[in-house]
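Undergrad: This is a predicted model, with the sequence first.
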Number of protein chains: 2
Amino acid sequence: MTAFDELMAYQRETSALGQIAGRLGWDQETVMPRGAAAQRGAEMAAIEAVLHARKSDPRVGDWLAAAEAPDAAGRAQLREIRRAFDRAGKVPADLAKRIAQVTSEAQGKWAAARADEDVAAFLPVLDEVVRLKREEGAALAGDGVLYDAMLEDYEPGTTGAQIAAIFDAMRPRLVALRAAILERPMPAGVSGEFDEAAQMALSRKMAETFGYDLNRGRVDKAVHPFSSGSGSDVRITTRTSTTDPFNCIYSTIHEVGHAAYEQGIDDAFALTPLGRGVSMGVHESQSRIYENQLGRGRAFTGWLYGQMIDAFGDFGIADADAFFAAVNRVQNGYIRTEADEVQYNLHIMLRFDLERALMAGDLQVADLEVAWNDRFKADFGYAVDRPSNGCLQDVHWSVGLFGYFPTYSLGNVYAGCLYEALQAAVPGLQAQLAEGDTSGATGWLRENLQQHGGLYLPREVIERASGMVPSEAPLLAYLEAKFGALYGL
Amino acid sequence: MTAFDELMAYQRETSALGQIAGRLGWDQETVMPRGAAAQRGAEMAAIEAVLHARKSDPRVGDWLAAAEAPDAAGRAQLREIRRAFDRAGKVPADLAKRIAQVTSEAQGKWAAARADEDVAAFLPVLDEVVRLKREEGAALAGDGVLYDAMLEDYEPGTTGAQIAAIFDAMRPRLVALRAAILERPMPAGVSGEFDEAAQMALSRKMAETFGYDLNRGRVDKAVHPFSSGSGSDVRITTRTSTTDPFNCIYSTIHEVGHAAYEQGIDDAFALTPLGRGVSMGVHESQSRIYENQLGRGRAFTGWLYGQMIDAFGDFGIADADAFFAAVNRVQNGYIRTEADEVQYNLHIMLRFDLERALMAGDLQVADLEVAWNDRFKADFGYAVDRPSNGCLQDVHWSVGLFGYFPTYSLGNVYAGCLYEALQAAVPGLQAQLAEGDTSGATGWLRENLQQHGGLYLPREVIERASGMVPSEAPLLAYLEAKFGALYGL
């Protein structure tokens, strides 16, 4: 065996162990007995320790030094392996351990502080998390930019400056669009009770409609919807609300976007570093284009309206146009995860600017709440009423996730680019979607993006698929056209 | 940290990884998407490789050499760790790999041969399995007895000669009891269709009735019922048949016996070598005493009859006495897994004698079918009609399980000893069982046996709990009394 072959055999085992860790996570959120939580913690720690040791195993360094890739895919494999190995070597073990301890503690304190609406109870431990993460970021960055080094974990090859340029161009137009919409009358919503078993049955139908392969996956209920796993075992979860069927249906379509990406990757990459979605942002581009551009578009919602009538009878919406409006209602709200297509990105940009300032040392944790509330008032026009609706609403920072938030909106930006290209490439697209046929769209996405897995870096794969340098322009044009028409702007 | 503490910390991680491997097995049999089978094979191989490497890690040898146990439990921990470490060191890696390859191949050939009723198609690969397992057994045994070395994997501290002495004393009396029963009229069985959801609901009630903690476990359906996991995550499966509700109910009670053993172990042993049932035989003693001595006894079946009427209405059985008889019907049959309490052990003793002869070199694989069929005719009085009802019925030998079969009947023997002691220790036992109250029985078993986990060797824990040297006498007396009364002998 060559060094490259030995390295790849080792990586396949590592990837298989990574899949196992992911499956434990799925188990924990869906079927695990409640009383097993403590033991599960020990099990997760044990497999994570194995994975960590493998990532920094000195043999990987030796193989990397000696390996010669046989082709472009092999070079991409080495690129991914080298990034993970270098990263593991840059962070001192003591620091990594300390971050694990403090974020574990901080997550508990965050949950308690949020329940108590007590920002002050959370800030000391958040300050410690920020201090440690900056230390880690400095170790990772070397002579480079600290925040860019953190982005490498979620969006490799993308810089904070690139993201800021996109976001800064989006913000004023989204603020203006939002304000204009909210001056118009609110469309009617659904009414009545929606049987949960019927919602789950419709969810499964939606999953198949969007090309999810149930022979290599499954749909379950969980408190927070997610997609889990790669290769031939990619599972999704959704949730149900008896009064809001859209929660279930669109959570499903969103997670199917993630899952279809994983299921669509070239089998040749299975259980290798290239055998999974390349970044959080590209992943989110798939979940968002499935959920929003396709799933919430006029064509598809026309078909979905008939499906809903079949499943639930009359639910207070008179026709397909009213249904399209109900699915796309824009309402005031404080919570990121409940936001619509227009306002979601404003929530993200707020967090991106604040966390980038925290990491740069330009914002102190003590000033975070004021900074949050000022920014919210500026973009949304009204004040945050309580911390759980403000700077305590998200778990991310408590567990040390800095550099993660912007990938949500990058996903929307990428989805905008892809949707523009898709419309040009598939002429009968809207007619297909109006019949509940997504194959033209999902087939194009699989062919042009999903199959590549980790082969190309995020911005590269978006550029290859969409034929354009990633830019906010298509997303903004799409949002302004769609919501302009819906709200008569 | 002392060497002992370091060793135990390492073992806890190993145990946690072992639990993960077990959970993957549960997942595979219950919820895994069908299309994930090949990937799951790679995942299982990866975690098994990690576990194997940990068992034979040279650090374990160093720690064992330096470790001083602080107490009796610590000494038992070292005994278990040492046995696993020594075993790993005795089998050459090439041989272990070859066994894994050949048994994997043999299992497929066995399944095909069984489907085709073609013994000749299976014998060459079985011959290779036997050859390799004898080589492994010789490596393990050194100067000792080869078959005894194989028993160590399933029933440590127990010899083939000990088992043979018990089985040889049982066989003539069971052959005679069986023959006498089958001369008597057959009791009536159940009739009608039994709703599968109602069976599962009743199964969950039975699980709780026998003390299974659903907060630390769950009940699902699977093709073959099993119990899986240790500590605070012990799951069971059962199966349903629309015409035979006993299949579901007694599979559940049987698996609850296994699961209650695991759930009953002292928390101090969690995720250590002592934190699981000590042997296959002792495990089976718990599943059997729950299922048979308790679950199929006159007292408990009287209560169960009322539960069945409540769940299913009239199902063709007139009263509790007729129900007791229906639950304990003895019928001719070829298949071990379908056998009743009286005949089951005859199936096992046949296999024990044949596999012991195979391992000793006293029986050749070429002569196996004839030896099987001769023995079956001698004990059961009629001829095997086809190989799938004879020597091709079980998967065990194809996958290299030699030394495993006798533990099923050892479990029955141990259950006999425990039941005799239990009756003496809990005076109101039958009155409790007649009310569906198993707490006296299960509490006694937990206190006297289950809590100890792997602390004592199998025969020792049975002797401590029952107050007698393990012997076939209580089981035989119980069977002759129960079935003598039922069949008017």
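TA: That came through fine.
Undergrad: So which residues on chain A come close to chain B?
TA: Contacts of chain A with chain B, taken as CB under 8 Å from any CB of the partner chain, map to A:12-14, A:16-17, A:19-20, A:23-24, A:27, A:31-36, A:38-40, A:42-43, A:45-47, A:49-50, A:213-218, A:231-233, A:235, A:270-271. Backbone N, C-alpha and C define where each C-beta goes, glycine included.
Undergrad: How confident was the prediction at the most centrally placed residue in chain A?
TA: The centre of chain A sits closest to residue A:284, judged by CA atoms, centre = their mean, with a distance of 4.3 Å. At residue A:284, the model reports a pLDDT of 98.
Undergrad: cool, and residue A:35?
TA: So residue A:35 comes in at 94 (pLDDT).
Undergrad: Equivalent analysis for residue A:269, please.
TA: 98.
Undergrad: Grab the nearest non-local neighbour of it.
TA: residue A:275 (3.9 Å; CB to CB, 6 or more residues apart in numbering or on different chains).
Undergrad: Let me know the helix or strand that the one you found is in.
TA: Using DSSP states H and E, residue A:275 is not contained in any helix or strand.
Undergrad: what's around it, how many residues?
TA: 22 (other CB atoms under 10 Å in any protein chain shown).
Undergrad: For it, give its distance to residue B:312.
TA: Counting by CB to CB, to the nearest Å, the separation of residue A:275 from residue B:312 is 50 Å.
Undergrad: As a check, name the ranges of all strands in the stretch 251-400 of chain A.
TA: Remark: no strands are assigned in the stretch 251-400 of chain A by DSSP state E, counting those that start in this stretch.
Undergrad: Helices of that one, start to end?
TA: Using DSSP state H, counting those that start in this stretch, the helices found in the stretch 251-400 of chain A span residues A:280-288, A:298-312, A:320-327, A:341-360, A:368-380.
Undergrad: Of all the ones you listed, which one comes closest to residue A:242?
TA: Evaluated with CB to CB, these place helix A:298-312 nearest to residue A:242, the distance being 11.1 Å.
Undergrad: List the buried residues in the closest one.
TA: Residues A:298-305, A:308, A:311-312 are the ones in helix A:298-312 that count as buried (16 or more other CB atoms under 10 Å in any protein chain shown).
Undergrad: with the residues you listed in mind, which one is nearest to chain B?
TA: Nearest to chain B among the buried residues of helix A:298-312: residue A:311, at 22.7 Å, using CB to the nearest CB.
Undergrad: Contacts only, for that closest one.
TA: The contact partners of residue A:311, by CB atoms under 8 Å, 6 or more residues apart in numbering or on different chains, come to A:198-199, A:201-202.
Undergrad: In TSV, list these along with pLDDT.
TA: What follows is those, written out as TSV (pLDDT from 0 to 100):
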residue	pLDDT
A:198	97
A:199	97
A:201	97
A:202	97
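Undergrad: Pull out the buried residues from the residues you listed.
TA: For the contacts of residue A:311, buried by 16+ other CB under 10 Å: A:198-199, A:202.
Undergrad: What pLDDT does the model give residue A:77?
TA: 98.
Undergrad: Which helix or strand contains it?
TA: With DSSP H and E as the test, residue A:77 turns up in helix A:72-90.
Undergrad: With just CA atoms, put that helix into CSV.
TA: What follows is helix A:72-90, C-alpha atoms only, in CSV (Å, rounded to 0.1, in the frame of the first residue of the first chain):
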residue,chain,number,x,y,z
ALA,A,72,-7.9,15.8,-8.3
ALA,A,73,-10.2,14.1,-5.9
GLY,A,74,-7.2,12.7,-4.1
ARG,A,75,-5.7,16.1,-3.8
ALA,A,76,-9.0,17.4,-2.3
GLN,A,77,-8.9,14.5,0.2
LEU,A,78,-5.4,15.5,1.3
ARG,A,79,-6.5,19.1,1.5
GLU,A,80,-9.3,18.2,3.9
ILE,A,81,-7.2,15.8,6.0
ARG,A,82,-4.4,18.3,6.2
ARG,A,83,-6.7,21.0,7.4
ALA,A,84,-8.1,18.8,10.2
PHE,A,85,-4.6,17.6,11.2
ASP,A,86,-3.1,21.0,11.2
ARG,A,87,-5.9,22.4,13.3
ALA,A,88,-5.6,19.6,15.9
GLY,A,89,-1.9,20.4,16.2
LYS,A,90,-2.3,24.1,16.7
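Undergrad: Would you mind listing the buried residues in it?
TA: A:73-74, A:76-81, A:84-85, A:87-88.
Undergrad: Which strands and helices lie in contact with the helix or strand that comes right after it?
TA: Using DSSP H and E, the helix or strand that follows helix A:72-90 in sequence is helix A:93-116. Secondary-structure packing of helix A:93-116 (3 or more CB pairs under 8 Å, 6 or more residues apart in numbering or on different chains; DSSP states H and E): helix A:119-141.
Undergrad: circling back to that earlier point, in strands, which of the residues of chain A next to chain B fall?
TA: The members of the residues of chain A next to chain B that map onto strands under DSSP state E are residue A:235.
Undergrad: Out of the residues of chain A next to chain B, name the ones that lie in helices.
TA: Those of those mapping onto helices are A:12-14, A:16-17, A:19-20, A:23-24, A:27, A:38-40, A:42-43, A:45-47, A:49-50, per DSSP state H.
Undergrad: can you pull the contacts of the closest residue to residue A:358 other than its chain neighbours?
TA: Leaving out its chain neighbours, the residue that sits closest to residue A:358 by CB to CB, 6+ apart is residue A:130, at 5.5 Å. Residues counted as contacts of residue A:130 (CB under 8 Å, 6+ apart) are A:358-359, A:365, A:397.
Undergrad: 10 Å - rerun?
TA: Listed by CB atoms under 10 Å, 6 or more residues apart in numbering or on different chains, the contact set of residue A:130 reads A:123, A:355, A:358-359, A:361, A:363-365, A:368, A:397, A:400, A:402.
Undergrad: quick one: which of the contacts of residue A:311 is nearest chain B?
TA: Out of those, the member with the shortest distance to chain B (by CB to the nearest CB) is residue A:201, at 17.3 Å.
Undergrad: Surely that closest one touches residue A:194?
TA: No. Between residue A:201 and residue A:194 there is no contact under CB atoms under 10 Å: 11.6 Å.
Undergrad: List the buried residues in whichever strand or helix holds residue A:200.
TA: For residue A:200, the element it lies in under DSSP H and E is helix A:196-209. Using 16+ other CB under 10 Å as the test for burial, helix A:196-209 gives A:198-200, A:202-204, A:206-207, A:209.
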